[in-house]
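A.B. asks: The sequence and its predicted three-dimensional model are supplied below.
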Amino acid sequence: MSLSWLVWFEENPSAPPEATLKAAAQRYTEKFGVAPNHARVPLDWPETPPNGLFIERCRHILPRHVHLALDTSLRREV
């Protein structure tokens, strides 16, 4: 399986996580024509409603970055 990842950097350090995910997901959808369902975020990412995303905290993700993909093996979160 091949995933197309979009790496999003949040320029505003005080942006709420929900806003960051929403903006990143919107850009992913514009670029690839389909909504993502998988988000990799930094380990210190605060608890965030999934909003249709499987949230995976990873130590290799830099602060204020989000990696998004459409993983067809995942069920969409509600």
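C.D. replies: Sure, I can see it.

A.B. asks: could you pull out the strands for this structure?
C.D. replies: 6-9, 38-42, 54-58, 65-69 (DSSP state E).

A.B. asks: Adjacent strands (with direction) for the second one?
C.D. replies: According to DSSP bridges, the neighbouring strands of strand 38-42, each with its direction, are strand 54-58 (parallel), strand 65-69 (antiparallel).

A.B. asks: Of all those strands, which one comes closest to residue 24?
C.D. replies: For residue 24, the closest of these is strand 65-69, at 4.8 Å, according to CB to CB. The C-beta positions use only the backbone N, C-alpha and C, and glycine is treated the same way.

A.B. asks: Same list (the strands of the chain) but as TSV, adding mean neighbour count.
C.D. replies: Shown next, in TSV, are those (neighbours: other CB atoms under 10 Å):
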stretch	mean neighbour count
strand 6-9	14
strand 38-42	21
strand 54-58	14
strand 65-69	22
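
A.B. asks: Go through the strands paired with strand 38-42 and name the closest to residue 15.
C.D. replies: strand 65-69 (10.9 Å).
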